[in-house]
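**Q** Dropping the sequence and predicted coords here.
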Amino acid sequence: MFKKILIHTRRSFKLIILLAISAILIVGVVTLFYKPTYSVTIDGKQVGYTKNKSELQKKINEYVENGDEEHVAFVQIENLPQYNLCLLKRNVQTNDDEIFDEIKSQGIKYYRYYAILDSQEEKLYVANFEEAEKIVNDLKEKNSQNKENISIVEKYETELKDLVSSEEAVAKLYVEAPKTIVVAKKTSSTVKYTSKGSVNTNLTTAGGKPNLGISLIKPVSGTISSRFGVGSSIRRSSHTGLDIAAPLGTPIKAAASGTVTFAGWKGSYGNMLVISHGNNVQTYYAHCSKLNASVGASISQGQVIGAVGSTGNSTGPHLHLEIRLNGQSVDPQKYLYN
């Protein structure tokens, strides 16, 4: 009995050795003629192969977030590449550059600039907020007759407008005020000072906060996880909005009625939707898992416009809410939790 078991064990051991040698030979032959790589498909169509998907995806992400030319805020790409590990014949070359060019050809570039409005009408455009702010302040210093009607709106468009310098803008917008004698008297109005010390007199204040001219509701129920103006390890500047933590997929409601002016991917904001409410007021809803409205849609207060997510630069499911007045961020908590 013991001999039979020993013979059987020896035969099994020989079989295992033969199988191992066969496997090694097969792997050797395969690696001699084939190499591991990634097949890349876009919208179900194969566009090529890459040996380093991490580097290719990093290059794509940088392009999406920054574009490849001046004034581009981000690039919207509907169909991102999918990667599948496969074996490729060694005489077949990878084509990362061609894949990247294919992705670029499908991208929609969004340019960021600032519109200068006179009595709610867009008059001209400048490259950045600093220039726009300088125009407003210069017109006030020069006592331009239309100084109270000048406002700023941040724009994201697929076509870049003709931009002018702040000096050109002031020259075009300046309206000489009539020379009259004004008797100064005390008023109860409060003037808001910006962080740069310039007076923002077109913001009527009430209870220590700018008057938006509209009423807002909470867009989502949850817990405040990061407040306005607070720094963080994942951002390089002060927080421009209010973070409200909520479970993934929680419905997001419009804080006020208005028109959708942006809906899509915006770099570190992830999936984002922007609603303009008139009175130069905009609300931003960022890091969404999905968006339920498109650009140009009319939105009612309380309408579900998306769902809570963790897209973009995010550490967990939450809504990043911003309120902007004349292109400047104001504290949402003062309007939603007081």
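**A** The structure has been received and is ready for your questions.
**Q** going forward, measure contacts between C-alpha atoms and count neighbours the same way
**A** Will do.
**Q** Could you check how far L160 is from I60?
**A** Going from L160 to I60 by Cα to Cα, to the nearest Å gives 22 Å.
**Q** right, I mislabeled it, should have said K109
**A** Distance from K109 to I60, by Cα to Cα: 14 Å.
**Q** And the two? Which one has more around it.
**A** K109 (24 against 19; other Cα atoms under 10 Å).
**Q** Quick check: bridge partners of that one?
**A** Under DSSP bridges, the beta-bridge partners of K109 are V75.
**Q** got the contact list for it?
**A** 67, 72-76, 158 (Cα atoms under 8 Å, 6 or more residues apart in numbering).
**Q** Next one: it, what pLDDT does it get?
**A** On the pLDDT scale, K109 is placed at 87.
**Q** now do D118
**A** 88.
**Q** Show me the helices in this structure, by range?
**A** Assigned helices in the chain, in chain order: 2-33, 53-66, 96-106, 129-141, 166-173, 333-336 (criterion: DSSP state H).
**Q** Contacts made by the second one with the rest, please.
**A** What it means is helix 53-66. So helix 53-66 is contacted by 38, 50, 72-77, 83, 96, 100, 103, 266-268 (Cα under 8 Å, 6+ apart).
**Q** For the residues you listed, which entry has the maximal number of neighbours?
**A** If you count neighbours using other Cα under 10 Å, the busiest of those is V75, which has 26 neighbours.
**Q** Distance of that one relative to N313?
**A** 16 Å.
**Q** just S300 next, same as before
**A** 29 Å.
**Q** surely V75 meets I103?
**A** No: assessed by Cα atoms under 8 Å, V75 is found out of contact with I103, at 10.6 Å.
**Q** So which bits of stretch 287-298 are buried?
**A** In terms of neighbour count (16 or more other Cα atoms under 10 Å), stretch 287-298 has its buried residues at 287-291, 293-294.
**Q** Enumerate the strands of the stretch 101-250 of the chain by residue range, in sequence order.
**A** Assigned by DSSP state E, counting those that start in this stretch, the strands in the stretch 101-250 of the chain fall at 108-118, 121-126, 150-157, 192-193, 199-200, 205-206, 209-210, 223-226, 242-245.
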